[in-house]
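Q: okay, sequence plus prediction incoming.
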Amino acid sequence: MKRLQSSKAVATFVLTLLAAGALVIQDVSGRADAQQQPSRAAKADAGAVLIDPADTLLLLLDHQTGLFQTVKDISVAELRTNTVVLMKAAKLMKIPIITTASVPDGPNGPLMQEIQQYAPDAIYVPRKGEISAWDNEDFVKTVRKTGRKTLLIAGVWTSVCVTFPALQAKAEGYKVYAVLDASGDPSEMASRITLARLTQGGVIPMSTNMVFCELQRTWNRPDAADFGALYSAYAPNYQAAVESYQRAQEVLKREKK
């Protein structure tokens, strides 16, 4: 009798374990399904994480010839080239450009002439001595008037002229990208500290090539050659590769004739 009761107890215990195991498996399976659901949704909206040109503004802040002389973390030639590439990419994608300068009549100097050359229709907003463009009411009104909520910001200095308005705009609900190689700082140390502060504040760091490639998205477009020119302007070594390829193709054509 005792053995029978013992056997029943063991059987009951085993059944309890099996039932518990089934619940665990069901729970884990349910969690896996729950985890897969957002993944499928994220895959469907993959394009939403990239820059939307229709919602974007390019803000060029204080690219002034006097300030250029203080830049030490990037060559001035590269800084100017990258800024021009940004402007050209913006023009291709019909992205409005807003510029401003900090005391242009003083030692900071005027805006670099390439802005007028390549973006003559850019909106210039004068300031009244404010260090941060976002502290200037007219500048903020100009940005808000566009109705766009994604900001690409580049400027000199990165640690001040880019960082202050970037953090302020982010706090107001804008999605903000800082284009670091179209900006410049007085030292490598300043650049590293600035990058840390920007990322901690939720501003997204970008490079110029990241911007124009993200805007381009595909070579299957009528302006592909114009984007190809941006690659060559940004990376002269790539231009050399293109020239070598073109010459090789010319040689092949001659040999076939």
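A: Cool, the structure landed.
Q: CA only for contacts and neighbour counts going forward, please
A: Fine.
Q: ok, which stretches of this protein are strands?
A: Using DSSP state E, the strands of the chain run over residues 56-61, 97-100, 123-124, 150-155, 175-179, 204-206.
Q: tell me which of the ones you listed sits nearest to Ala196.
A: Nearest to Ala196, of all the strands of the chain, is strand 204-206, at 9.8 Å by C-alpha to C-alpha.
Q: counting by contacts, list what the closest one packs against.
A: Under the contact definition 3 or more C-alpha pairs under 8 Å, 6 or more residues apart in numbering; DSSP states H and E, strand 204-206 sits against strand 175-179, helix 188-200.
Q: gap between Asp185 and Leu215?
A: Separation of Asp185 from Leu215 (C-alpha to C-alpha, to the nearest Å): 26 Å.
Q: more neighbours, these two?
A: The neighbour comparison of Asp185 against Leu215 (other C-alpha atoms under 10 Å) goes to Asp185, with 25 against 18.
Q: right, and the more buried one touches Ser191 too?
A: Yes: counting by C-alpha atoms under 8 Å, Ser191 is a contact partner of Asp185 at 6.1 Å.
Q: now do the shared contacts for those two.
A: Asp73, Thr158, Ser159 (C-alpha atoms under 8 Å, 6 or more residues apart in numbering).
Q: with adjacent residues omitted, what lies nearest to the last one?
A: On the basis of C-alpha to C-alpha, 6 or more residues apart in numbering, the spatially nearest residue to Ser159 that is not a chain neighbour turns out to be Thr194, at 5.2 Å.
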